[in-house]
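# make a model of this:
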Amino acid sequence: MRSRPKRLPSKYFYDKTGDMLFQQIMACPEYYLTNCELEIFQSKTAELARIVTSVNGAFDLVELGAGDATKSQHLLKYFSDRKVAFT
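Okay, here's the model as predicted:
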């Protein structure tokens, strides 16, 4: 907090209240990134699944954003519907 300009690492934003606030921000029309990312996950699910498993089948899924799996659930459902094993 002594730096100029002052800054706060984003890891401190994500307590319960911070998560709720970020989800509200993501719902604003001005914050178009969420809708763009969601559209990609919805319309390109099969392609994303093929890409992330193309190297050796294993992958790490990191939820970008609030961490509520809003986007990732499309990919996870795709794998679940096809009985892809998770380890």
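# low-confidence ranges in the chain?
For the chain, residues meeting the criterion pLDDT under 70 lie at 1, 10-13, 64-67, 85-87.
# which residues of it fall in helices?
Taking DSSP state H as the test, the helices found in the chain are 16-26, 32-43, 45-53, 72-81.
# minimum distance to P9: which of those helices has it?
Closest of those to P9 is helix 16-26, at 12.0 Å (criterion: Cβ to Cβ). Glycine gets a C-beta too; all of them are placed from N, C-alpha and C.
# what residues of that closest one count as buried?
22, 26 (16 or more other Cβ atoms under 10 Å).
# I'd like the numbering to begin with 266 instead of 1 from here.
All right, first residue 266 from here; so that's helix 281-291.
# between helix 297-308 and it, find me the angle.
Interaxial angle of helix 281-291 relative to helix 297-308 (axes from the mean of the first three to the mean of the last three Cα atoms, to 10 degrees): 80 degrees.
# mind saving the C-alpha coords of helix 281-291 as CSV?
Taking Å, rounded to 0.1, in the frame of the first residue of the first chain, the C-alpha atoms of helix 281-291 are listed here in CSV:
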residue,chain,number,x,y,z
LYS,A,281,-17.9,-13.7,-0.9
THR,A,282,-18.8,-10.0,-1.3
GLY,A,283,-16.1,-9.5,-4.0
ASP,A,284,-17.3,-12.5,-5.9
MET,A,285,-20.9,-11.2,-5.9
LEU,A,286,-19.8,-7.7,-7.0
PHE,A,287,-17.7,-9.2,-9.8
GLN,A,288,-20.6,-11.3,-11.0
GLN,A,289,-22.7,-8.1,-11.1
ILE,A,290,-20.0,-6.3,-13.1
MET,A,291,-19.9,-9.2,-15.5
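# I am finished for the moment; much appreciated.
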